[in-house]
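**Student:** next input, structure requested:
(chains A and B)
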There are 2 protein chains.
Amino acid sequence: MAKEITPRSEDYSQWYLDIVRKANLADNSPVRGCMVIKPNGFGIWEKMRDALDIMFKDTGHVNAYFPLFIPKSFLSKEAAHVEGFAKECAVVTHYRLKNDPNGGGVIVDPDAKLEEELVVRPTSETIIWNTYRDWIQSYRDLPLLINQWANVVRWEMRTRPFLRTAEFLWQEGHTAHASAEEAMQETRLILDVYARFAEEWMAMPVIKGIKTVNERFAGAEETFCIEALMQDGKALQAGTSHFLGQNFAKAFDVLFLNKDNQQEYVWATSWGVSTRLVGGLIMTHSDDDGLVIPPKLAPVQVVIVPIPKPSPELAEAAAKIAAALKEKGIRVKIDNDDQNRPGFKFAEYEMIGIPVRLGLGQRDLAANQVEVARRDTKEKANVPLDTIADHVARLLDEIQQNLFDRAKTYRDEHITKADTWAQFEDILENKGGFVCAHWDGTTETELEIKEKSKATIRCIPLDWPDEPGQCVFTGKPSERRVLFAKAY
Amino acid sequence: MAKEITPRSEDYSQWYLDIVRKANLADNSPVRGCMVIKPNGFGIWEKMRDALDIMFKDTGHVNAYFPLFIPKSFLSKEAAHVEGFAKECAVVTHYRLKNDPNGGGVIVDPDAKLEEELVVRPTSETIIWNTYRDWIQSYRDLPLLINQWANVVRWEMRTRPFLRTAEFLWQEGHTAHASAEEAMQETRLILDVYARFAEEWMAMPVIKGIKTVNERFAGAEETFCIEALMQDGKALQAGTSHFLGQNFAKAFDVLFLNKDNQQEYVWATSWGVSTRLVGGLIMTHSDDDGLVIPPKLAPVQVVIVPIPKPSPELAEAAAKIAAALKEKGIRVKIDNDDQNRPGFKFAEYEMIGIPVRLGLGQRDLAANQVEVARRDTKEKANVPLDTIADHVARLLDEIQQNLFDRAKTYRDEHITKADTWAQFEDILENKGGFVCAHWDGTTETELEIKEKSKATIRCIPLDWPDEPGQCVFTGKPSERRVLFAKAY
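**Tutor:** Below you'll find the model as predicted:
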């Protein structure tokens, strides 16, 4: 089975599609650009969602739900926003079908045309800020810390499962504050939550930074992001947190009475991560044998395989081990299939990325031991049955840490300084990864570099020191280096 | 505050809207028929979702996600299905907006017309069975037990928050089986899950039954349902589980190789409950002072109110009580507001339905006690601080049980036998509730009764004995009584 995966060295892009297909993560659908998220893929997203949801709630946020549809005119109210989103919207124009009077199925009923067209939300700032107008009167109503888990639609021309799809699942936080400082604090707080989630749960190291003006969210005053590096040397924007200033409050007339009894526009943030993270997880850890999932996000963390096949005695021993693991909160599955051989099953479980596999045969049982195989390194060891639960619990932590360390080593080795344009091009061409270079700070130069090299400025890293220098492209003065990369 | 709620006796319908508004459950939106689910309302739905999700998983189901959009032609493939759903669909015809060349915002770009229109899913049988065709080859691929949590859209003309909205949130299960028997077992299994959820979590007694042919889901061979009774004597369909036979397999060509090596069409079920349940919960338990939530579904189960207002000493005692409650898994909130008076706060917490309120004053503290008020009966008692956690844990169970008992008593008192048409009309007119009467089994009679009385057949109850008699309307022979009611 694993043989059917294209090796990464041969064609990384095809390897990715093979993993998505063979690990049963997603499927194409008859609707252009929309995917079906299969149970294996959705199980990972559920774990991500649950972990993030707890982090949001622990920082004072609550969930709500706003309409899927946005009146067309709402999009126009914030000038930058409409520029960014109007071009890729699904538009609802009618509300009824009817039988084709000429036979041949159903047709759109021309009598059921909407007075104002509705756009399927590409993001919800407009409808939410239109609602906040009714919810906010005074500083006592602030802050408003709301998150929504939802589907959104952006009519992308080139799609790729998880990474870029017309419909995707995400969370979008929309908060309202009484001051710029507080809104900025919120923006940074969420950036930290995202970074912590990426590193501690996904085992995916990220760089926190600021987007350039050109790469900002349409309607934001400042966009913060976390950027990760995939195994092929391309960057992935993994989450963004926007300081929106008073732009949406002004567009939707959301004023509050401040402590000095003055009317003032409300300050806003918005922030989101999406099913794109599943793509990032795949491309951070997986190998030529299949998917690798960090244990904390694995729907099944341990599989117990009776060898060569299930028997009453092995079933009893497996159930005992499973019970001991469950008691430690470990998610475990017992393989009960009696059709396929162990070798086939091992390959299958490697393909779908179960972090730990326990092989349990008659001889193991006699020796009071079990064979433990870890997915990340493929190492095997015999472990006494008496201590198996402790051993596996420790091993899961070790795998989680090893995946992070491995990804971080790769990432750190792929941040390369370039001081000349020749170096810049050479790194992008031959080594890949982030190029750390000076830039003169203009959108003009940024776009010319993109045109010439296909690399974009991923971010201006947050916690890096100032370092005066000269733009790698124009030679003009620069205050600090920024990170360039080709990106997904 | 509570004074602003219209009493139930005066106008039940207005009372419901008042509760939704004053308990901050939902808000209108600028999109016709779509509501905003506010944090208080969404918190209840989250608890419902979490409880149901565990029940589905415990019975072997997994979650997945299918596209929001359905190609128009898919709807036509199952004849009954298209009749039932085509009339109320949101239709996407274009995929881009553009700036109006005459100024004035954005317009639909006529160049971006879809070749085939897309319907926003009113339910997902068609797109899912189109997908299952690729997933199912042999009996080894069966059963397929998949659930989806999603938003759906049905263009309803008359809407009402939670009970009937154009967009709503729900879960839809779609399972595939190798035999009619197994599919029927699944249909019944889920009906039992729904009934158990309604009674054990929502404290809402339900009657399990079968829908008449006329009330069946469009495309089903048999529709099972749970029916509840609201306080105004109107019934609410709270969940449905459909045996779909081979209808969708035939429409979408989904065949499997059975154990006898024969090609056979796959057997199907589908089943769903929605945010409508929040409306059912409101109308089962709430009173003229506000919302009443069964403790198991209350986002906050206990609120601790320092009296007359927070002080360091009271805060310390409150924190200690909260810690003891949390240790028992009780969801607790401490009121820290120092602006409003206790009376105002009490009314507010009654309005939003927190099951238990603890009032903690300086004198209570000195007496080593706390005042415990329960939302359902409004009873108050002083309880020693040392045993408060045990007391509250017991009390929450007691409230849960009391709400169920109260609702069941009301429901049982409102199932009335009618043997003549005069009785039938009298019961509907004056007493309300379910009318238990004989019916001749024809759709014609069913529709005439509906026309004359506005009552529909809610269900043919499952576990009731056969009892020959004569149709209350036509006098023709009948094998058993069925349940009529006016319904939401």
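
**Student:** buried ones in stretch A:284-291, by neighbour count?
**Tutor:** A:Thr284, A:His285, A:Ser286, A:Asp287, A:Asp289, A:Gly290, A:Leu291 (16 or more other CB atoms under 10 Å in any protein chain shown). Any C-beta I mention is one placed from the backbone N, CA and C, and that applies to glycine too.

**Student:** ok, the third one - contacts?
**Tutor:** A:Ser286 is in contact with A:Ile19, A:Val292, A:Gly353, counting by CB atoms under 8 Å, 6 or more residues apart in numbering or on different chains.

**Student:** nearest to A:Lys408, out of those: which one, please.
**Tutor:** Nearest to A:Lys408 among the contacts of A:Ser286: A:Val292, at 15.2 Å, using CB to CB.

**Student:** roughly how far apart are the nearest residue to the closest one once chain neighbours are set aside and A:Val278?
**Tutor:** Nearest residue to A:Val292 in three dimensions, chain neighbours excluded: A:His285, at 4.0 Å (CB to CB, 6 or more residues apart in numbering or on different chains). Distance of A:His285 to A:Val278, computed by CB to CB, to the nearest Å: 12 Å.

**Student:** least trustworthy helix or strand in chain A by mean pLDDT?
**Tutor:** helix A:79-85 (a mean of 82; mean pLDDT, DSSP states H and E).

**Student:** could you point out which element follows that helix?
**Tutor:** strand A:91-94 (DSSP states H and E).

**Student:** sitting in helices, which of the buried residues of stretch A:284-291 do you find?
**Tutor:** A:Thr284, A:His285 (DSSP state H).

**Student:** now the residue of the stretch 351-488 of chain A found nearest chain B: how far from A:Ser29?
**Tutor:** Closest to chain B within the stretch 351-488 of chain A is A:Ile352: 13.1 Å, counting by CB to the nearest CB. As judged by CB to CB, A:Ile352 and A:Ser29 stand 21 Å apart.

**Student:** which residue is it, in the stretch 201-350 of chain A, that comes closest to chain B?
**Tutor:** A:Gln339 (8.0 Å).

**Student:** kindly list the main-chain dihedrals of that residue?
**Tutor:** phi -100, psi -40 (degrees, to the nearest 10).

**Student:** now it, nearest residue through space, not along the chain?
**Tutor:** Going by CB to CB, 6+ apart, A:Gln339 has B:Arg140 as its nearest residue, at 8.0 Å.

**Student:** could you list the buried residues of stretch A:398-407?
**Tutor:** Applying 16+ other CB under 10 Å to stretch A:398-407 flags A:Ile399, A:Gln400, A:Asn402, A:Leu403, A:Phe404, A:Arg406, A:Ala407 as buried.

**Student:** can I get those residues in TSV with secondary structure?
**Tutor:** Shown next, in TSV, are these (DSSP: H, G, I helix; E, B strand; the rest coil):
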residue	secondary structure
A:Ile399	helix
A:Gln400	helix
A:Asn402	helix
A:Leu403	helix
A:Phe404	helix
A:Arg406	helix
A:Ala407	helix
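
**Student:** the closest residue to chain B within the stretch 101-250 of chain A: how many residues sit nearby?
**Tutor:** In the stretch 101-250 of chain A, the residue found nearest to chain B is A:Gly105; the distance is 3.8 Å by CB to the nearest CB. By other CB atoms under 10 Å in any protein chain shown, the residues close to A:Gly105 number 15.

**Student:** what's the answer for A:Ile54, then?
**Tutor:** 10.

**Student:** in chain A, which spans are helices?
**Tutor:** Using DSSP H, helices in chain A cover A:12-22, A:39-58, A:72-75, A:79-85, A:125-135, A:180-200, A:247-252, A:276-285, A:312-327, A:342-352, A:362-366, A:388-413, A:421-426, A:443-453.

**Student:** quick check: the residue nearest to A:Ala23 when sequence neighbours are not counted vs A:Arg49, distance?
**Tutor:** In space, and not counting its chain neighbours, A:Ala23 is closest to A:Leu291: 4.2 Å by CB to CB, 6+ apart. Counting by CB to CB, the separation of A:Leu291 from A:Arg49 is 19 Å.

**Student:** check what pLDDT the nearest residue to A:Phe424 once chain neighbours are set aside gets.
**Tutor:** Distances taken as CB to CB, 6+ apart place A:Ala418 nearest to A:Phe424, at 4.1 Å, with adjacent residues excluded. A:Ala418 carries a pLDDT score of 98 in this model.

**Student:** is it true that A:Ala418 touches A:Val472?
**Tutor:** Yes: with contacts counted by CB atoms under 8 Å, A:Ala418 reaches A:Val472, the gap being 5.7 Å.

**Student:** what does the stretch 251-400 of chain A put close to chain B?
**Tutor:** The stretch 251-400 of chain A comes close to chain B at residues A:Gln339, as judged by CB under 8 Å from any CB of the partner chain.

**Student:** low-scoring stretches of the stretch 251-400 of chain A, by residue?
**Tutor:** Along the stretch 251-400 of chain A, no part satisfies pLDDT under 70.

**Student:** show me the domain layout of chain A.
**Tutor:** A:2-91+A:121-285, A:302-395, A:415-485 (automatic domain parsing).

**Student:** wait, which of those domains is closest to B:Leu462?
**Tutor:** domain A:2-91+A:121-285 (31.2 Å).

**Student:** for that closest one, the distance to its chain's centre please.
**Tutor:** 9 Å (CA atoms, centre = their mean, to the nearest Å).

**Student:** all the strands of the stretch 201-350 of chain A, residue numbers only.
**Tutor:** For the stretch 201-350 of chain A, the strands defined by DSSP state E, counting those that start in this stretch cover A:207-210, A:222-229, A:235-245, A:255-257, A:263-265, A:267-274, A:302-307, A:332-334.

**Student:** what angle sits between the longest one and helix A:125-135?
**Tutor:** Angle of strand A:235-245 versus helix A:125-135, following axes from the mean of the first three to the mean of the last three CA atoms, to 10 degrees, is 30 degrees.

**Student:** packing partners of strand A:235-245?
**Tutor:** Packing partners of strand A:235-245 (3 or more CB pairs under 8 Å, 6 or more residues apart in numbering or on different chains; DSSP states H and E): helix A:180-200, strand A:222-229, strand A:267-274, helix A:276-285.

**Student:** put the alpha carbons of it into CSV.
**Tutor:** Output of strand A:235-245 as CSV, limited to C-alpha atoms (Å, rounded to 0.1, in the frame of the first residue of the first chain):
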residue,chain,number,x,y,z
ALA,A,235,6.4,28.7,3.9
LEU,A,236,2.9,28.4,5.2
GLN,A,237,0.9,31.2,6.8
ALA,A,238,-0.7,29.3,9.7
GLY,A,239,-2.7,31.9,11.4
THR,A,240,-3.4,35.7,11.4
SER,A,241,-4.5,38.2,14.1
HIS,A,242,-5.6,41.6,12.9
PHE,A,243,-5.7,44.9,14.7
LEU,A,244,-8.6,46.6,12.8
GLY,A,245,-8.4,50.0,14.5
